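Novice: got a predicted structure plus its sequence, pasted below:
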Amino acid sequence: KRRKRRLGCLSIFLIVFVLMLLIAAWFVGGSYFKVKQTAEHIQHKIDGRDKSELRSDKVDISNKDAISVALFGVDSNQQRLATGDAGRSDSIILMSINPKTNKSQMVSIPRDTYSEMVGKGTNEKIAHAYAYGGAKMAVASVERLMNVPIDYYATINMDGMHEMVDKVGGINVVSNSTFSYDGFNFVKGQEIHLDGDGAMAFIRSRKQEGAGGDFGRQERQQLVIQALATKVLSVDSVTKLDSLLKSIEGNVVTDLSFDDLKGLATGYNGAVRNVKKVQLQGDGAILEDGLWYFIPNESLKSDVREQYMKNLGL
């Protein structure tokens, strides 16, 4: 349980990973229809939600509109994930993607952030929203917290990350800090090849000496995301397309359709490759319920929101 719940904010890899698979599929005979089948299998729309309440009009990916996506990493299994009963979202990332400027912004939201649970009427850790109400409550709660529109969501079961890293033959990363965890040793500035076990150790650590807490962990998660996306584009990964697609089918859900994903792959690739990474800043506090929360600095959060909205052209 501890291993699953500390996998952190890796769901950004979902968009990159699926996009890269789609792009790779154009060059592999017969793969187009396998990707289409996978995309249809993982699509799960949010009931009663056609667009964000903070939008006057629905975005159009075929028109290359700038879009906002909420990405969640959850502790679940294949059966629960499909029904929305996915447990807590231990990773939450907002990503704005603007194909006209070829820029994206990624905002990491700590799982312990004090936030309103929209539809439940309580204020708790933002990670609880997914457990209470699946993607519907999680999207609404993150939207309320940040006051930015969310056009789409994508969720990955973290158990699938380990499997996918192994299926691409491992990844290479340069460690951002020096620390040891779960039998693995990492040295700042040193490149290391990681299999699934090693990648999970790299992204789980936060409390060990030198690990850098939540912010150090979030930076390592971004390193893994980039390394995995790069590996997917390699020839070796393309030859394993079938097994990778099966991993996605069992571990991913999203309200993006196949046509949406195809449009992202063909029209948003430049923006997805040019990502500015931002983390919410703030302080920890124990509140009246006796629990520890992350309390965002409102002034700094407002600055992040302004940058995010600017990237959306709003």
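Specialist: Perfect, I can see it now.
Novice: quick check: buried residues in stretch 57-72?
Specialist: Neighbour counts over stretch 57-72 (16 or more other C-beta atoms under 10 Å) mark 59, 61, 64-72 as buried. Yep, even glycine has a C-beta here, placed from its N, CA and C like the rest.
Novice: again, but for stretch 183-197
Specialist: Within stretch 183-197, the residues that count as buried by 16+ other C-beta under 10 Å are 184, 186, 192, 194, 196.
Novice: what sits against the second one?
Specialist: Taking C-beta atoms under 8 Å, 6 or more residues apart in numbering as the definition of contact, the neighbours of Phe186 are 175, 177-180, 192, 202.
Novice: and it, what are its bridge partners?
Specialist: Here Phe186 shows beta-bridge partners Phe179, assigned using DSSP bridges.
Novice: ok, now the fourth one?
Specialist: Residues in a beta bridge with Leu194, per DSSP bridges, are Ile171.
Novice: just list the residues touching it, thanks.
Specialist: Applying C-beta under 8 Å, 6+ apart, one finds that Leu194 lies in contact with 165, 170-173, 202, 224.
Novice: so which of these is the closest to Gly267?
Specialist: The nearest member of the contacts of Leu194 to Gly267, counting by C-beta to C-beta, is Val224 at 26.0 Å.
Novice: that closest one contacts Ala201, correct?
Specialist: No. Contact between Val224 and Ala201 fails when scored by C-beta atoms under 8 Å: they sit 10.9 Å apart.
Novice: now do the helices in the stretch 201-314 of the chain.
Specialist: Secondary structure of the stretch 201-314 of the chain, counting by DSSP state H, counting those that start in this stretch: helices at 213-232, 235-238, 241-251, 258-267, 269-272, 298-311.
Novice: what comes up buried for the fifth one?
Specialist: Right, helix 269-272. Buried residues in helix 269-272, counting neighbours by 16+ other C-beta under 10 Å, are found at 269, 271-272.
Novice: ok, now the first one?
Specialist: Buried residues in helix 213-232, counted by 16+ other C-beta under 10 Å: 214, 216-229, 231-232.
Novice: run through the neighbouring helices and strands of it.
Specialist: The helices and strands touching helix 213-232, judged by 3 or more C-beta pairs under 8 Å, 6 or more residues apart in numbering; DSSP states H and E, are helix 12-25, strand 103-109, helix 159-167, strand 171-174, helix 196-204, strand 275-279.
Novice: one more pass at 6 Å, please.
Specialist: Packed against helix 213-232, as judged by 3 or more C-beta pairs under 6 Å, 6 or more residues apart in numbering; DSSP states H and E, are the following elements: helix 12-25, strand 171-174, helix 196-204, strand 275-279.
Novice: and for the third one?
Specialist: Identification of packing neighbours for helix 241-251 by 3+ C-beta pairs under 6 Å, 6+ apart yields helix 31-42, helix 159-167.
Novice: alpha carbons only: can I get it in CSV?
Specialist: As requested, the backbone C-alpha atoms of helix 241-251 are provided in CSV (Å, rounded to 0.1, in the frame of the first residue of the first chain):
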residue,chain,number,x,y,z
LEU,A,241,3.5,-1.2,-29.3
ASP,A,242,1.0,-4.0,-28.7
SER,A,243,2.1,-4.6,-25.1
LEU,A,244,2.3,-0.9,-24.4
LEU,A,245,-1.3,-0.4,-25.7
LYS,A,246,-2.5,-3.2,-23.5
SER,A,247,-0.9,-1.6,-20.5
ILE,A,248,-2.7,1.7,-21.3
GLU,A,249,-6.0,-0.1,-21.7
GLY,A,250,-5.8,-1.5,-18.2
ASN,A,251,-4.5,1.6,-16.4
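Novice: so for it, mean pLDDT?
Specialist: If you average the pLDDT over helix 241-251, you get 76.
Novice: which parts of it are buried?
Specialist: Within helix 241-251, the residues scored as buried using 16+ other C-beta under 10 Å are 241, 244-245, 247-251.
Novice: quick one: distance of it to the chain centre.
Specialist: Once both centres are worked out by C-alpha atoms, centre = their mean, to the nearest Å, helix 241-251 turns out to sit 17 Å from its chain's centre.
Novice: could you give the angle of that helix to helix 159-167?
Specialist: 170 degrees (axes from the mean of the first three to the mean of the last three C-alpha atoms, to 10 degrees).
Novice: nearest to Asn98, of the buried residues of stretch 183-197?
Specialist: Closest approach to Asn98 among the buried residues of stretch 183-197 (C-beta to C-beta): Leu194, at 31.7 Å.
Novice: could you check the pLDDT of the closest one?
Specialist: Leu194 carries a pLDDT value of 95.
Novice: Gly196 touches Val165, doesn't it?
Specialist: Yes. A contact is recorded between Gly196 and Val165 when judged using C-beta atoms under 6 Å, the distance being 4.5 Å.
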